[in-house]
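Student: Requesting a structural model of the entry that follows:
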Amino acid sequence: MSSSATATAMQATEASRPPSNSFMSGERRSAVLCLLLVLLTLVLYNPVVHNEFTNLDDDDYIVHNPHVTAGLTWDTVKWSFRTYHAANWHPLTWLSHALDYQLFKLNPAGHHYVSVLVHASNAVLLFLLLESATGLTWPSLMVAALFALHPVNVESVAWAAERKNVLSMLFFLLAMLAYGWYARRGGGKRYALVAALFALGLMAKSEIITLPFVLLLWDYWPLRRIGGEPVFSSRFSVLKEEPSGNSAATAGATVPRSFSFLLLEKVPLLLLAAGSGVLTLLSQRSGHALRTLGEFSTRARFGNIFVAYVRYLGKALWPARLTALYPLPSKPIPIWQILASAATLILLTALVICWRNRRYLPVGWFWLLGTLVPVIGIIQVGEQTMADRYAYLSYIGLFVAVVWGVLEIAQARKIPLAWLAVPAILVLVTLGAVSRRQIAFWHDSESLWRHALSVTEDNYRAHDGLARALAKENRPEEAIAEFNASQKLRAYNASAVLDLGVYEQLNGHLQEAIQQYARAFDASSDSRSRATALSCMAVAFMQMGDMNRARTTYAAALQQNSGNSGALIGTGLLAERDGDFASAVARISRAAELEPSDVSYLLLAQALRRAGRAAEADDALAQAQRISPNLAQAQRSVADALAAAGIKAN
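Tutor: Numbering: from 1, shown residues only. You can find the predicted model right below:
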């Protein structure tokens, strides 16, 4: 019997069935299932209330962002729309963080739980979207449950700074629901609602620029605006649920349109996507996030693209070794791996095309491929080969293809749908258990980066993140070891090397600090940076008691930049040590003019008093007191500087 004859027979069987006496109406059942999805999501993600902020962007986005920690003010609103901070333009995301701060201050539990609530809302919207478009409740529920519980989505939910992902998805799904309404009933106002929701989503994260492409797929299936009969008379008629207020059956069938009409219909949305793309490129260029061809060649990019697609497929089916950062490979990807990955993708695409009469297959497959295009690495942003957060949108297509495929196989083999419930529950329970474990890795920065190091190789970013976490916990020996491990894998820039030298120096590693300053000097591209490195090196020499090398190094710093305040203060202190108080006053006074600070004025007061100029010393002390945010701390710094120079404080 042909597939069309089978479908006709199924329709006849369905039509001959007596009316359902189900105790629960379609609308009521959908409402209960929505509550079930919310409950499952909240139970799964409840441990995030015990998680801290991590040093993976949370500091930059929230903790140390003065605009966010000002709360939801008019100045914050203006800044949100004007800034490219963190190499992104996403004003709605900034406003979301500012609102969280307004409500919860810096209590991470509140920030995390809002992301969980948005994720739960997304799962509900996905369920309602699929149910309204296909009329099938149980497969729609399964897709939404996979989305809610899959471990790959933990990164998007448990990482506070990744609010932009769950927030943009919220508006993406709302736009798709509005589009279904527009497709069935038409009207400019309904289309304007789609565009407005899309614009709001783009202002949360530009990754959803593929919405116009996804809507074309949605036109093909399940809306079937591109040829074919309505979805309710298709091969799944035997699975058709009792009509509910959420189903497309009650909303009216869509009108078939030509492809050219449907493409033209998407032009306003494409223009929004293009504008968002331009803003994204400008913001990423301003933040130096774009990798050049010199840093990451064309061959390396396209090799990584093929491999990354297959890795995304693998992690969907077997979500193991998930981590916050998958580093770019230190060595070229083997050609066999690239060819094998490309062959896999070509084979799967060919099979999907061969089975295109099962419309959910090409829609699900090309949803996966297409929505990953902006983040797959054609334009390489950042230093990752792939990221779990990039799959948050893309896996929906894969879930649809798999769930509807299993249902069709069950229908063909006359397997009762109830028999699928047990394996479905086992799959969801397994995914939930793995997700629970993954959530624990996001508890704090140390847990996050130690896990990353355990599942990746040559991950210099993970070593650096762990080092910063250990330094914050006042574990300098462990931190320095991790900093050095990171630096061996990839040389730090001059500024980072200088910071590492300062950290070594503060923790008594003077010889190691001098070596870091020498590296910073060699890596510096301008005289001001080189002068700073030499000035810091001279301080280390002073602390070691080597005043001659300190004097020589300070002189070299001033040759690089005569206005380097650190070198001026250092040479002033050495002059004061030698009894040349006039030179000491002149140099320290010059430093205070160039870079006024409480420390410089306190040192100037000390030198003036030694030079017998008590009134001027009192004026300098008063100036230090006026501008100091923490006078006691400044006085301790002055005492340390005098001790390093071998000068007894007055």
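Student: Flag every buried residue along the helix ranked longest in the chain.
Tutor: Longest helix of the chain, by residue count under DSSP state H: helix 108-134. Buried residues in helix 108-134, counted by 16 or more other C-beta atoms under 10 Å: 108, 111-134. Where C-beta positions appear, they are placed from N, C-alpha and C, glycine not excepted.
Student: swap in stretch 494-501?
Tutor: For stretch 494-501, a neighbour-count test (16+ other C-beta under 10 Å) marks 494, 496-498, 500-501 as buried.
Student: Give me the subset of those lying in helices.
Tutor: Of the buried residues of stretch 494-501, the ones assigned to helices by DSSP H are 494, 496-498, 500-501.
Student: Show me which of those is closest to residue 327.
Tutor: residue 496 (16.8 Å; C-beta to C-beta).
Student: residues near residue 355, how many?
Tutor: For residue 355, the count of nearby residues is 14 (other C-beta atoms under 10 Å).
Student: same question, residue 630
Tutor: Other residues near residue 630 come to 10 when the count uses other C-beta under 10 Å.
Student: Same check on residue 528?
Tutor: Residue neighbour count, defined by other C-beta under 10 Å, stands at 12 for residue 528.
Student: Next one: it from residue 181, what distance?
Tutor: Going from residue 528 to residue 181 by C-beta to C-beta, to the nearest Å gives 60 Å.
Student: Residue 620 now?
Tutor: Taking C-beta to C-beta, one finds residue 620 at 72 Å from residue 181.
Student: same deal with residue 510?
Tutor: Residue 510 is 70 Å from residue 181, by C-beta to C-beta.
Student: quick one, which of residue 620 and residue 181 is more surrounded?
Tutor: Using other C-beta under 10 Å as the criterion, residue 620 and residue 181 rank with residue 620 on top: 25 against 16.
Student: Which elements pack onto the helix or strand containing that one?
Tutor: According to DSSP states H and E, residue 620 maps onto helix 614-627. Judged by 3 or more C-beta pairs under 8 Å, 6 or more residues apart in numbering; DSSP states H and E, helix 614-627 is in contact with helix 598-610, helix 631-644.
Student: can you do 10 Å?
Tutor: helix 581-594, helix 598-610, helix 631-644 (3 or more C-beta pairs under 10 Å, 6 or more residues apart in numbering; DSSP states H and E).
Student: Can you tell me which of these is packed in deepest?
Tutor: The highest mean neighbour count among the helices and strands packed on helix 614-627, using mean count of other C-beta atoms under 10 Å, belongs to helix 598-610: a mean of 24.
Student: Now that helix - C-alpha only, CSV.
Tutor: Output of helix 598-610 as CSV, limited to C-alpha atoms (Å, rounded to 0.1, in the frame of the first residue of the first chain):
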residue,chain,number,x,y,z
ASP,A,598,47.5,60.5,47.7
VAL,A,599,50.7,58.4,47.7
SER,A,600,52.7,60.9,45.6
TYR,A,601,51.6,63.9,47.8
LEU,A,602,52.5,62.0,51.0
LEU,A,603,55.9,61.2,49.6
LEU,A,604,56.3,64.8,48.6
ALA,A,605,55.4,66.0,52.1
GLN,A,606,58.1,63.6,53.5
ALA,A,607,60.7,65.0,51.2
LEU,A,608,59.7,68.6,51.8
ARG,A,609,59.9,68.1,55.6
ARG,A,610,63.4,66.7,55.2
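Student: re earlier: which one of the ones in helices among the buried residues of stretch 494-501 is nearest residue 455?
Tutor: residue 496 (24.8 Å).
Student: Let me see the contact set for that closest one.
Tutor: 464, 483, 486-487, 516, 520, 523 (C-beta atoms under 10 Å, 6 or more residues apart in numbering).
Student: Make TSV from those and add neighbour count, secondary structure and pLDDT to it.
Tutor: Formatted as TSV, those follow (neighbours: other C-beta atoms under 10 Å; DSSP: H, G, I helix; E, B strand; the rest coil; pLDDT from 0 to 100):
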residue	neighbour count	secondary structure	pLDDT
464	22	helix	96
483	26	helix	96
486	23	helix	95
487	19	helix	93
516	28	helix	95
520	27	helix	95
523	18	helix	94
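Student: will you turn the residues you listed into JSON lines that also has distance to residue 174?
Tutor: Compiled in JSON lines, the contacts of residue 496 are given as follows (distance: C-beta to C-beta, whole Å):
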{"residue": "464", "distance to residue 174": "38"}
{"residue": "483", "distance to residue 174": "45"}
{"residue": "486", "distance to residue 174": "42"}
{"residue": "487", "distance to residue 174": "46"}
{"residue": "516", "distance to residue 174": "51"}
{"residue": "520", "distance to residue 174": "50"}
{"residue": "523", "distance to residue 174": "49"}
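Student: for the record, mean pLDDT for the following helix or strand past the longest helix of the chain?
Tutor: Per DSSP H and E, helix 108-134 leads on to helix 137-149 as the next helix or strand towards the C-terminus. For helix 137-149, mean pLDDT is 97.
Student: So which elements touch helix 137-149?
Tutor: The elements that helix 137-149 packs onto, with contact taken as 3+ C-beta pairs under 10 Å, 6+ apart, are helix 26-45, helix 108-134, helix 391-412, helix 421-441.
Student: of those helices, which approaches residue 649 most closely?
Tutor: Closest to residue 649 of the helices and strands packed on helix 137-149 is helix 108-134 (C-beta to C-beta; 42.8 Å).
Student: now the angle between helix 391-412 and the closest one, please.
Tutor: 40 degrees (axes from the mean of the first three to the mean of the last three C-alpha atoms, to 10 degrees).
Student: and the end-to-end length of stretch 63-73?
Tutor: 17 Å (C-alpha to C-alpha, to the nearest Å).
Student: Run through who's touching it.
Tutor: Identification of contacts with stretch 63-73 by C-beta under 10 Å, 6+ apart yields 53-55, 58-62, 75-80, 83, 85-86, 94-103, 105-106, 108, 111, 160-161.
Student: OK, contacts around residue 396?
Tutor: Contacts of residue 396 (C-beta under 10 Å, 6+ apart): 122, 126, 129-130, 143-144, 146-147, 169, 172-173, 214, 364, 367-368, 371.
Student: Show me which of the residues you listed are buried.
Tutor: 122, 126, 129-130, 143-144, 146-147, 169, 172-173, 214, 364, 367-368, 371.
Student: ok, these vs residue 644, which is closest?
Tutor: Using C-beta to C-beta, the buried ones among the contacts of residue 396 come closest to residue 644 at residue 169, 55.1 Å.
Student: pLDDT averaged over stretch 635-643, what's the number?
Tutor: Mean pLDDT, stretch 635-643: 92.
Student: list the helices and strands the longest helix of the chain packs on?
Tutor: On a contact count with 3+ C-beta pairs under 10 Å, 6+ apart, helix 108-134 meets helix 26-45, helix 91-104, helix 137-149, helix 154-158, helix 163-185, helix 391-412.
Student: tell me what the fifth one is packed against?
Tutor: Think helix 163-185. Helix 163-185 is packed against helix 91-104, helix 108-134, helix 154-158, helix 188-202, helix 211-220, helix 259-265, helix 391-412, with contacts defined by 3+ C-beta pairs under 10 Å, 6+ apart.
Student: Cool, thanks, signing off.
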